[in-house]
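Asks: this is a predicted model, with the sequence first.
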Amino acid sequence: MNAWELIDGDNTLLTHFDLNEESIVYDFGGYVGDWTEKISKKYNPFIRIYEPVKTFYEFYYDKFIGNDKIEFVNKAIWSSFTEIYLGVNKSDSGIYCNGDIEKVETVDVVTEIERFKKIDLIKINIEGSEYEVLNKMLYAGCHKKVFNLLIQFHDYIDNCEDMIKDIHYKFEKTHELIFSFPYIWEHWRIKK
């Protein structure tokens, strides 16, 4: 059992934020919607879920149908509007994963963040694509509109340790690191 499991991180740290019914939350990589369900029940914020894999999208669409505060986007979050190929293999589905190949549409992360004056929380679990997406956010400066970032980095990407160090260095200018369990979860909160 690792440290994350010992503290029951999925049910404590992943759901403990300063949110309310007016908060705006993005879930990049919704999978089957378990995290979204917990956040919705606890805070009832406005949530926008991005999940490109059709079978996962259909699963959580059925789960949340009728909840007017949850929006569904059957596209991948990315650094531009384009199409990409994903390997589909349960929770490990992504551009770097093996599995059945699925062509999906993407949406530009900057465009999505610019939809609101501020975003209270973004959860990012996109199976290796986080490096591309975070670097685009940092380059555009839109990360400054995001009060909390919950990030899962993945270690099967070449040069990932150096990329993480670079992303951390850039985030440290505007956000503080609240917790870090390497390659499990990190929480960054905007500096006051």
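Replies: Perfect, thanks for sending it.
Asks: can you give me the strands in the chain?
Replies: When secondary structure is read from DSSP state E, the chain shows strands at 24-28, 46-50, 70-73, 76-78, 83-88, 100-108, 121-124, 148-151, 175-181, 185-190.
Asks: which residues sit in contact with the nearest residue to residue 80 once chain neighbours are set aside?
Replies: Nearest residue to residue 80, sequence neighbours excluded (CB to CB, 6 or more residues apart in numbering): residue 108, at 5.3 Å. The C-beta positions use only the backbone N, C-alpha and C, and glycine is treated the same way. Contact analysis of residue 108 by CB atoms under 8 Å, 6 or more residues apart in numbering lists 78, 79, 80, 81, 136.
Asks: how much space separates residue 108 from residue 115?
Replies: Remark: distance between residue 108 and residue 115 (CB to CB, to the nearest Å) = 11 Å.
Asks: again, but for residue 58
Replies: According to CB to CB, residue 58 and residue 115 sit 24 Å apart.
Asks: same drill for those two, tell me which one is more crowded.
Replies: Neighbours per residue, other CB atoms under 10 Å: of residue 58 and residue 115, the larger number sits with residue 58, 13 against 10.
Asks: could I get the pLDDT score of the spatially most central residue of the chain?
Replies: Central residue of the chain (CA atoms, centre = their mean): residue 124, 1.7 Å from the mean position. Per-residue confidence at residue 124 stands at 96 (pLDDT).
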